[in-house]
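# Build me a model from this:
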Amino acid sequence: MMWRIFIIILFIINITTILFAQRPGVCMKGMNDRQKDQFVGAVKIVKTVTYEADFSRRVAENGEFISSSVRTYFENGEIDRERINDEQGQLLSLTIYQYRDGHKYVSTTYDANDTRTLQTLYDYNEDGVCTFMRLTDAIAVTISTNNIKHGENCVEMSERFSDGETVNERFIYDKKGHLIEHNKFGSADQTINTTYVIGKKGVATKAKIKQNGTKQTITYEYEFDTQGNWTKRITYAGGIAKEIATREISYY
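Next comes the predicted model:
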């Protein structure tokens, strides 16, 4: 139950950021992790730092620290590892992905004391597409199981937790592989529909969110590097800056 709440909280916190909307392994056929994360080009390392926005002077400035992560990709676009840091850059958690025959088969998350806290096991169909994941805790007790289905332009995941509750998600893409809709179905407080408007540079300029009968529109303002990936994004709600995310990106 606690793990389910934790995952839901993480989703709510990051709903405006859409930094990494999907877990590694949950993507359209033919996509690697780098493409799933909506990057352009041969990205190697991405350091992302997110702050609450201080808009008191009507200019978006960094406010309270929210999160910091470093994602590393192999040259083929699959994820190698992800490090979560605190505001001082000290390690909070590290997830390492292992591969067999070109497919990720296990990922393991460790805390700052190098103690295993989470492990994910992956299974594939005969076409080499990930169709099942099992999440386990530090002593290998199952937290949840995930069945994954793939359509022509979408991927669906049904996650069943150990307490019996099920949460379903659907990710829909346009023809260029841009994420344009994310639906999350669970109990009333978990049912969220988000649609994204994709701009000329291939990034979301607007997100329309529906949850519990309420509607909210989020807009995004960007700065880009020479490769076409954004290096700074300011998130606005109701014309007020809410979050500022910056990225340092290195390439192969």
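
# now the strands for the stretch 1-150 of the chain?
43-54, 61-73, 79-85, 91-100, 103-111, 116-124, 130-136, 142-150 (DSSP state E, counting those that start in this stretch).

# ok, the last one: who's next to it in the sheet?
According to DSSP bridges, the neighbouring strands of strand 142-150, each with its direction, are strand 130-136 (antiparallel), strand 154-161 (antiparallel).

# okay, the strands of the stretch 1-150 of the chain in JSON lines with mean neighbour count next?
Using the backbone N, CA and C atoms, a C-beta is placed for each residue, glycine as well. As requested, these are exported to JSON lines (neighbours: other C-beta atoms under 10 Å):
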{"stretch": "strand 43-54", "mean neighbour count": "18"}
{"stretch": "strand 61-73", "mean neighbour count": "17"}
{"stretch": "strand 79-85", "mean neighbour count": "18"}
{"stretch": "strand 91-100", "mean neighbour count": "15"}
{"stretch": "strand 103-111", "mean neighbour count": "17"}
{"stretch": "strand 116-124", "mean neighbour count": "17"}
{"stretch": "strand 130-136", "mean neighbour count": "18"}
{"stretch": "strand 142-150", "mean neighbour count": "18"}
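
# Quick check: which of these is nearest to Tyr196?
Closest approach to Tyr196 among the strands of the stretch 1-150 of the chain is made by strand 43-54 (18.2 Å; C-beta to C-beta).

# Quick check: the gap between Val155 and Met28.
5 Å (C-beta to C-beta, to the nearest Å).

# go on, Tyr173?
6 Å.

# ditto for Gly199
21 Å.

# Lys149 touches Asn168, doesn't it?
No: using C-beta atoms under 8 Å, Lys149 makes no contact with Asn168, being 10.2 Å away.

# so what sits against both of these two?
Glu156, Met157, Ser158 (C-beta atoms under 8 Å, 6 or more residues apart in numbering).

# Closest one to Ala42 out of those residues, please.
Closest to Ala42, out of all of these and judged by C-beta to C-beta, is Met157, at 27.7 Å.

# That closest one: what's it in contact with?
Val26, Asn146, Asn147, Ile148, Lys149, Asn168, Glu169, Arg170.

# for the third one, which residues make a bridge with it?
In this structure, Asn147 bridges to Phe132, Ser158 when assessed by DSSP bridges.

# Tell me the bridge partners for Phe65.
Those that pair with Phe65 in a beta bridge, by DSSP bridges, are Tyr51.
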